[in-house]
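Asker: Based on what follows, work out the 3D shape:
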Amino acid sequence: MKACPCTSGRAYAECCAPFHRGEREAETPAALMRSRFAAFAIGDAEYLWRTVHPDHEDRMHPKEDVLRSLKEAARTLKYMRLTILDAQGPEVLFFAAVFERGTDRSFVELSSFAHDGTGWRYLAGETREARGLAGLEALTVATFPRA
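Answerer: Okay, here's the model as predicted:
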């Protein structure tokens, strides 16, 4: 059994793989967040593109440029662990343990999602370095330090 990269504790084949293969849509913003983290971890740039909302800034750039950037990130970054800290409506607050050649690049992000009529899509995100945040486990959507 191959564990799912979203760190749900479930097998990849039953967890995020059906989303990645286009067999199902994530039923909640948190489920989409998990599947997107797993896609980052395995380098599935096509899924990441497919699940970006039409209003997201990446959609202003040529698809091939965005895919190339996502594939490069997959080569240089290791996505180790995802922890959903809070989810309220279309917003999901999460901690991502990410490393680049042994350097900790972990972050906390407050992501916003919107339904496009087919499924939930990633609309926008605001990130903070995890090292700069005290009391990480106690953070909520309401207490996240927004810009």
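
Asker: contacts and neighbour counts: CA atoms only from here.
Answerer: Will do.

Asker: Surely His56 is in contact with Leu123?
Answerer: Yes: assessed by CA atoms under 8 Å, His56 is found in contact with Leu123 at 5.2 Å.

Asker: ok, the two, which is more surrounded?
Answerer: Remark: of His56 and Leu123, Leu123 carries more neighbours, 20 against 14, as counted by other CA atoms under 10 Å.

Asker: SS state for the more buried one?
Answerer: strand (DSSP: H, G, I helix; E, B strand; the rest coil).

Asker: list the contacts for it?
Answerer: Counting by CA atoms under 8 Å, 6 or more residues apart in numbering, Leu123 makes contact with Val52, His53, Pro54, Asp55, His56, Ser111, Ser112, Phe113, Ala114.

Asker: Ok, Ala45 next?
Answerer: Contacts of Ala45 by CA under 8 Å, 6+ apart are Ala39, Leu67, Leu70, Lys71.

Asker: With only the CA atoms kept, save the lengthiest strand in the chain in CSV.
Answerer: Longest strand in the chain by number of residues (criterion: DSSP state E): strand 77-88. Taking Å, rounded to 0.1, in the frame of the first residue of the first chain, the C-alpha atoms of strand 77-88 are listed here in CSV:
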residue,chain,number,x,y,z
LEU,A,77,10.9,20.9,-3.3
LYS,A,78,9.9,18.0,-1.0
TYR,A,79,6.4,18.1,0.3
MET,A,80,6.6,16.2,3.5
ARG,A,81,3.5,16.7,5.6
LEU,A,82,0.2,18.6,5.4
THR,A,83,-1.8,19.6,8.5
ILE,A,84,-5.2,21.2,8.1
LEU,A,85,-5.4,23.7,11.0
ASP,A,86,-8.9,25.0,10.4
ALA,A,87,-11.6,25.1,7.7
GLN,A,88,-14.5,27.6,7.6
